[in-house]
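Visitor: give the three-dimensional model of this entry:
(one chain, ligands or ions: 1)
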Amino acid sequence: MLKDYEFWFLVGSQTLYGPEVLDTVARRAAEMADKMNASGLLPCKLVYKTTVKSNQEIAETVREANYDPKCAGIITWCHTFSPSKMWINGFVDLQKPYCHLATQYNREIPNEEIDMDFMNLNQAAHGDREHGFIAARLRMPRKVIAGYWEDEDVQMRLGSWMRAAVGVMFSRSLKVMRFGDNMREVAVTEGDKVEVQIKLGWQVNTWPVGKLVETMDKVTDEEIDALMGCYCQQYDMATDDLETVRYQAREEIAMKKMLDAEGCKAFSNTFQDLYGMRQLPGLASQHLMAQGYGYGGEGDWKVAAMTAILKAMSEGQTGGTAFMEDYTYNLNPDATYSLGAHMLEVCPSVAAERPRIEVHPLGIGDREAPARLVFEGHAGKAIVVSLVDMGGRLRLIVQDIEAVKPILPMPNLPVARVMWRALPNLTTGVECWITAGGAHHTVLSYDVTAEQMKDWARMMGIEYVHIGEDTTVEKLEEQLFLNDLAWKLR
Ligand code: MN
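Guide: Just a heads-up that it's a prediction; the model follows:
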């Protein structure tokens, strides 16, 4: 999917310096795009599109970018000076993600070579300021990356932003399939689906559980055999109850057929609406998540969609991204940790070891004991992400965490589990999370960064709240108070 997208490199200039300078600019811009593509640090292709010199050229290029489904964003830079009133009409119409790469062709000032011709050709230091002003004046959502274009960290930052921009493109066409409604009485999993479609593009709609059961009834033994083979390749079969595992395969095949038929990349279900089903999908949902589908339990379509988006943003990366739920704490001051899990459905992409397929009874839902994948999450830096509906606006909350190997074996807990230390520390982190209204359901990702989520939120035009190493409750409360005022004015 990342490979389906490209980013357009637009270089700003003007005709003042003559055709020779413009030829040099074009040649260098093409060389820069080639070298940045060749480094392997960019997840999507960077295409040198054109050197723009007039209002009309910019407006036309932006129209083309808006129209081209392959174009996931524009990246601008001003080799020379590009008077920015020329950019106004184009920028007003721009509907694609936008990054301003403030760089220059040469790394160093050449002592002998430098004269006024050199200065006129290489004046990004003031060309990029003029360019930056108009985007600030227009209050455009943008990313500014400054640094030398051949440096690894600059290309890594550009690549990281590209992934956030692909998250925007993915979000705008995302369809979510709801099997049943939200769990009764729960508030945080609710939300305004019309507002979400306006802001984020998601098409969130419901399909009857009865239709899923009909589809399950039509799944053949051969289809189930094939999926069982796949399960055995990827997981340890730690149960003799193969009929129960086969039932999960039946559920998975049926859900996948319905999702694919509608072009849905995320789904939710609830243990309160399994009418006609013998098991809550456990292994079935986990294995669908491992294939990139987003999932949310208890009808939580917001977390289902966010799981799919973070998976799309981190395509090809290996840390893992999963639907998660904060369950319980270890409050010993020497080892303060959160334990995250779910009844069944944590994505095996975060597993430290080969997951085991086990069958155990489930206390709620009034159905047969379901098969599920049991494993420990691996250690490493990660984030947890929650999208909540504040009434009139959406708030994205991101917290930095450090996952650890679970400090206890917990032999009687038959579900996938991840243990982590929240930043800045457990109690301050919990106070901040609760103050901001973050949900119990989250997306946990070892691949996506807080900066990428900030970029994504800015491009989507929603509120962003970050809880990290330097966050205090007092600072956060002040930010939330000011955010409330600011969003009321919008
Ligand atoms: Mn839950």
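
Visitor: how much space between the nearest residue to residue 353 once chain neighbours are set aside and the ion?
Guide: Leaving aside its sequence neighbours, residue 353 sits nearest to residue 375 (CB to CB, 6 or more residues apart in numbering; 6.1 Å). From N, CA and C alone the C-beta is placed, and that goes for glycine too. With distances taken as CB to the ion, to the nearest Å, residue 375 is found 18 Å from the ion.

Visitor: now do the contacts for residue 375.
Guide: 348, 351-356, 416 (CB atoms under 8 Å, 6 or more residues apart in numbering).

Visitor: which ones are touching the most centrally placed residue in the chain?
Guide: Residue closest to the average C-alpha location in the chain (CA atoms, centre = their mean): residue 310, at 2.7 Å. Residue 310 sits next to 167, 321, 385, 443, 445, 447-448 when contact means CB under 8 Å, 6+ apart.

Visitor: restricted to helices, list these.
Guide: residue 167 (DSSP state H).

Visitor: tell me the most packed of the contacts of residue 310, by neighbour count.
Guide: Among the contacts of residue 310, residue 321 has the most neighbours (other CB atoms under 10 Å), with 31 neighbours.

Visitor: where in the protein is pLDDT low?
Guide: Applying pLDDT under 70 to the chain flags no residue at all.

Visitor: can you do 90?
Guide: Applying pLDDT under 90 to the chain picks out residues 1, 17, 363-366, 488-490.

Visitor: tell me which residue in it sits closest to the ion.
Guide: Proximity of the chain to the ion (CB to the ion) peaks at residue 297, 4.2 Å away.

Visitor: that residue: neighbour count?
Guide: Neighbours around residue 297, by other CB under 10 Å: 22.

Visitor: my guess is it meets residue 268, correct?
Guide: Yes - under the criterion of CB atoms under 8 Å, residue 297 makes contact with residue 268 at 7.3 Å.

Visitor: which helix or which strand is home to the residue nearest to the centre of the chain?
Guide: Following DSSP states H and E, one finds residue 310 within helix 301-313.

Visitor: try residue 8
Guide: Here residue 8 is assigned to strand 6-12, by DSSP H and E.

Visitor: given that strand, what are its sheet partners and their directions?
Guide: strand 45-52 (parallel), strand 71-78 (parallel) (DSSP bridges).

Visitor: hmm, back to that, got JSON lines for the contacts of residue 375, with neighbour count and distance to residue 293 too?
Guide: Output for the contacts of residue 375, formatted as JSON lines (neighbours: other CB atoms under 10 Å; distance: CB to CB, whole Å):
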{"residue": "348", "neighbour count": "21", "distance to residue 293": "13"}
{"residue": "351", "neighbour count": "23", "distance to residue 293": "17"}
{"residue": "352", "neighbour count": "16", "distance to residue 293": "22"}
{"residue": "353", "neighbour count": "9", "distance to residue 293": "23"}
{"residue": "354", "neighbour count": "11", "distance to residue 293": "21"}
{"residue": "355", "neighbour count": "24", "distance to residue 293": "17"}
{"residue": "356", "neighbour count": "17", "distance to residue 293": "22"}
{"residue": "416", "neighbour count": "27", "distance to residue 293": "17"}
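
Visitor: closest one to residue 238 out of these, please.
Guide: residue 356 (4.0 Å; CB to CB).

Visitor: now the closest one. Its backbone dihedrals?
Guide: phi -110, psi 140 (degrees, to the nearest 10).

Visitor: hmm, it is touching residue 374, no?
Guide: Yes - with contact defined as CB under 8 Å, residue 356 reaches residue 374; the gap is 5.0 Å.

Visitor: the strands in the stretch 51-200 of the chain, which residues?
Guide: Assigned by DSSP state E, counting those that start in this stretch, the stretch 51-200 of the chain shows strands spanning 71-78, 98-102, 143-146, 175-179.

Visitor: list the contacts for residue 94?
Guide: 62, 65-66, 74, 140.

Visitor: list only buried entries from those residues.
Guide: Buried by 16 or more other CB atoms under 10 Å: 62, 65, 74, out of the contacts of residue 94.

Visitor: quick check: residues of the chain near the ion?
Guide: Neighbours of the ion within the chain, by CB under 5 Å from the ion: 297-298, 325.

Visitor: need those residues in JSON lines (columns: secondary structure and distance to residue 252).
Guide: As requested, these are exported to JSON lines (DSSP: H, G, I helix; E, B strand; the rest coil; distance: CB to CB, whole Å):
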{"residue": "297", "secondary structure": "helix", "distance to residue 252": "16"}
{"residue": "298", "secondary structure": "helix", "distance to residue 252": "19"}
{"residue": "325", "secondary structure": "strand", "distance to residue 252": "21"}
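
Visitor: export those residues to CSV and tack on distance to residue 103?
Guide: As requested, the residues of the chain next to the ion are exported to CSV (distance: CB to CB, whole Å):
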residue, distance to residue 103
297, 45
298, 47
325, 43
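
Visitor: in what helix or strand does residue 226 lie?
Guide: Residue 226 belongs to helix 221-234, assigned by DSSP H and E.

Visitor: now the contacts of residue 375 in JSON lines, with secondary structure?
Guide: Formatted as JSON lines, those follow (DSSP: H, G, I helix; E, B strand; the rest coil):
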{"residue": "348", "secondary structure": "helix"}
{"residue": "351", "secondary structure": "strand"}
{"residue": "352", "secondary structure": "coil"}
{"residue": "353", "secondary structure": "coil"}
{"residue": "354", "secondary structure": "coil"}
{"residue": "355", "secondary structure": "coil"}
{"residue": "356", "secondary structure": "strand"}
{"residue": "416", "secondary structure": "coil"}
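
Visitor: output those residues as TSV; include the columns distance to residue 210.
Guide: TSV is the format used below for those (distance: CB to CB, whole Å):
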residue	distance to residue 210
348	29
351	34
352	39
353	38
354	36
355	31
356	33
416	29
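
Visitor: which one of these is nearest to residue 200?
Guide: residue 348 (27.0 Å).

Visitor: what is the neighbour count of residue 56?
Guide: Residue 56 has 12 neighbours, counted by other CB under 10 Å.

Visitor: residue 6 is in contact with residue 169, correct?
Guide: No - Residue 169 is beyond contact range of residue 6, at 11.2 Å (criterion: CB under 8 Å).

Visitor: those two: which is more packed in?
Guide: Neighbour totals were compared for residue 169 and residue 6, and residue 169 leads with 22 against 18 (other CB under 10 Å).

Visitor: which residue, other than its chain neighbours, is closest to that one?
Guide: residue 72 (4.9 Å).

Visitor: tell me, how many residues neighbour that neighbour?
Guide: Residue 72 has 25 nearby residues by other CB under 10 Å.

Visitor: cool, and the one 5 residues further on?
Guide: Applying other CB under 10 Å, we find 25 other residues in the vicinity of residue 77.

Visitor: can you give me the strands in the stretch 201-350 of the chain?
Guide: Going by DSSP E, counting those that start in this stretch, the stretch 201-350 of the chain shows strands at 203-207, 236-237, 266-268, 294-296, 321-330, 337-341.

Visitor: of these, which stretch is the most buried?
Guide: For the strands of the stretch 201-350 of the chain, the largest average neighbour count (mean count of other CB atoms under 10 Å) is found in strand 266-268, namely a mean of 29.
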